[in-house]
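Asks: Kindly return the folded structure for what I paste below:
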Amino acid sequence: MNHRCDFHMHTTHSDGSYTPEELLAYASEKCLRAVAVTDHDTVSGYDACKAAADKHGVELIPGIEISCQFEPGTLHVLGYFLNPKDPGLAQSLAVLQRARAERNPMIIEKLNRLGVHVTLQEVEAQSGGDQVGRPHFAQVLIKKGYARNNDEAFRKFLAKGAAAYVDKRRFSAEEGIQMIREAGGAAVVAHPKQLKVTDRSRLRQLFKEWMSFGLQGIEAYSSCQNVGEQKFWRDLGAGFGLIITGGSDFHGKNKPDVDLGWMGQGVDLGYDIVDELRAAKTVKRCS
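Replies: Below is the predicted model of the structure:
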């Protein structure tokens, strides 16, 4: 029996280029037994993903990726086996969606001031889904000749500190982790390399703090982390007794160098991680 899994991917409901149907069909083609669709700050695609997963014989883990406030890099927290219909989760996500909606016109304004003639309507048309993110801006910039590729679009205009970057409202680490736990899910730090923290003492302090908020796992295996980095994060997570997970962070055409199911040379994650995450999810008790 096939046991391969991928715990990190995106659809057109956030910043991926595949619809739920296309993504789950591709997951079946790639012989993945179980997947977690982890769209940014939204679970709006869950029902479509579940229908497609059932159709194609792939087990779907309810998931999400929450962006949290953090310096110097970025802190994203993945949630697994949470209840997509949880009222508290819906209320929190509505706050994040408003923040995204408010940011987008500000990015357009900055781009226009730089002589980059892009409209919000063009970016919204590019998204093809419910949510507009920076990768959609990047695709429009490429189409209109302002950047040669996604990396250049982010470096010149969209990355943190770049000319058209606009920050948005984010929850704190405590709020993000607890939001996932209160919706019945297990909380895992995504692609920890992107924290951009190299001091080991500082990292230990951070993970101790996040575990006090309810953190349960670390994405040691990721398409953005090389073999040495994977070993570092695996060892760090094991030292804290965290669940060791991994994911491709697949975005389709919006991140063309990353294929579904690929999270590093020779890495194949088995179904035992699904069991660990399911066991770690929060059991909500009625009062």
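
Asks: Leu23 - that's part of a strand, no?
Replies: No. With DSSP: H, G, I helix; E, B strand; the rest coil as the criterion, Leu23 is located in helix rather than a strand.

Asks: I'd say it and Gly16 touch.
Replies: Yes. Contact criterion Cβ atoms under 8 Å: Leu23 and Gly16 qualify, at 7.0 Å. All C-beta atoms are positioned from the backbone trio N, CA, C, and that covers glycine.

Asks: Any chance you could list residues touching both of those two?
Replies: Counting by Cβ atoms under 8 Å, 6 or more residues apart in numbering, the shared contacts of Leu23 and Gly16 are 9, 250, 252.

Asks: Write the ChimeraX selection for whichever of those residues are buried.
Replies: Per 16 or more other Cβ atoms under 10 Å, the buried members of the shared contacts of Leu23 and Gly16 correspond to this ChimeraX selection:
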select :9,250,252
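
Asks: which one of the shared contacts of Leu23 and Gly16 sits closest to Ser67?
Replies: Nearest to Ser67 among the shared contacts of Leu23 and Gly16, counting by Cβ to Cβ, is Met9 at 16.4 Å.

Asks: now the closest one, nearest residue through space, not along the chain?
Replies: Leaving aside its sequence neighbours, Met9 sits nearest to Phe250 (Cβ to Cβ, 6 or more residues apart in numbering; 4.1 Å).

Asks: where does the chain dip in pLDDT?
Replies: Filtered on pLDDT under 70, the chain yields the residue ranges 1-2, 129-130, 283-287.

Asks: Domain boundaries for it, per the record?
Replies: Domain ranges of the chain: 5-86+172-280, 94-158, per automatic domain parsing.

Asks: For those, state which one has the densest average packing.
Replies: Of the domains of the chain, the one with the most neighbours on average (mean count of other Cβ atoms under 10 Å) is domain 5-86+172-280, at a mean of 20.

Asks: who touches the nearest residue to Arg98 once chain neighbours are set aside in this structure?
Replies: The shortest distance from Arg98 to any non-neighbouring residue, by Cβ to Cβ, 6+ apart, is to Arg169 (7.8 Å). Counting by Cβ under 8 Å, 6+ apart, Arg169 touches 95-96, 98-99, 102.

Asks: Arg169 sits in which helix or strand?
Replies: Counting by DSSP states H and E, no helix or strand carries Arg169.

Asks: same thing with Ile177?
Replies: Secondary-structure assignment from DSSP H and E places Ile177 in helix 173-182.

Asks: thinking again about what came up before, nearest to Ala164, out of the domains of the chain?
Replies: Nearest to Ala164 among the domains of the chain is domain 94-158 (4.0 Å), distances taken as Cβ to Cβ.

Asks: Touching, the residue nearest to Met9 and Phe7? I think so.
Replies: No. The pair Phe250 / Phe7 is not scored as a contact, 10.8 Å apart, by Cβ under 8 Å.

Asks: one step back: ok, the contacts of Arg169 vs Thr245, which is closest?
Replies: Nearest to Thr245 among the contacts of Arg169 is Leu96, at 22.7 Å by Cβ to Cβ.

Asks: Nearest residue to that closest one in space, please, no chain neighbours.
Replies: Nearest residue to Leu96, sequence neighbours excluded (Cβ to Cβ, 6+ apart): Asp41, at 4.2 Å.

Asks: what about the helices in this protein?
Replies: With DSSP state H as the criterion, the chain has helices at 20-29, 46-56, 87-113, 120-127, 134-143, 150-153, 173-182, 200-213, 227-239, 272-280.

Asks: wait, which of the ones you listed is closest to Pro72?
Replies: Nearest of the helices of the chain (Cβ to Cβ): helix 200-213, 10.7 Å.

Asks: tell me what the closest one is packed against?
Replies: Using 3 or more Cβ pairs under 8 Å, 6 or more residues apart in numbering; DSSP states H and E, the elements in contact with helix 200-213 are helix 173-182, helix 227-239.

Asks: And for the shortest one, what's in contact with it?
Replies: Taking Cβ under 8 Å, 6+ apart as the criterion, the residues outside helix 173-182 that touch it are 64, 66-70, 75, 77, 79, 82, 86, 88-89, 92, 170-171, 186-187, 209-210, 213-215, 282, 284.
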